[in-house]
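>>> I need the structure of the sequence given here:
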Amino acid sequence: MFEERFLLADGLVMEARILDGTDFVLALRQGKTTLVEYSNASGYEFKSVEKLRYDFERDVEDALRKG
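Next up, the predicted model:
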């Protein structure tokens, strides 16, 4: 099991949780609002750690630009 939370500027929280090969969450939240979430529950199809990270970082950048 792996779990980390990072407090960022402007009240942003980035969360990474991997419980096993099929149960994971990468999320960016601001308060109670989820800006980006990649998880098995959200329907993201896990192919590799590299692809997961690339997709997540791309969507985080887009969310922060819009916000």
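>>> partner strands of the lowest-mean-pLDDT helix or strand in the chain, with direction?
Lowest mean confidence among the helices and strands of the chain (mean pLDDT, DSSP states H and E): strand 12-20, at a mean of 90. According to DSSP bridges, strand 12-20 forms sheet pairs with strand 2-7 (antiparallel), strand 23-30 (antiparallel).
>>> turn the ones you listed into a markdown table, columns for mean neighbour count.
Bear in mind the C-beta positions are built from the backbone N, C-alpha and C, glycine included. Formatted as a markdown table, the strands paired with strand 12-20 follow (neighbours: other C-beta atoms under 10 Å):
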| stretch | mean neighbour count |
| --- | --- |
| strand 2-7 | 9 |
| strand 23-30 | 18 |
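>>> so where's this structure shaky on pLDDT?
In the predicted model of the chain, residues 21, 67 satisfy pLDDT under 70.
>>> hmm, 90 instead?
For the chain, applying pLDDT under 90 flags the ranges 1-2, 9-10, 18-24, 40-43, 45-49, 52-53, 66-67.
>>> sorry, back to before: ok, residues contacting the least confident helix or strand of the chain?
With contacts defined as C-beta atoms under 8 Å, 6 or more residues apart in numbering, strand 12-20 is touched by 1-8, 24-30, 35, 60.
>>> mind redoing it with 6 Å?
Here strand 12-20 makes contact (C-beta atoms under 6 Å, 6 or more residues apart in numbering) with 1-7, 24-30.
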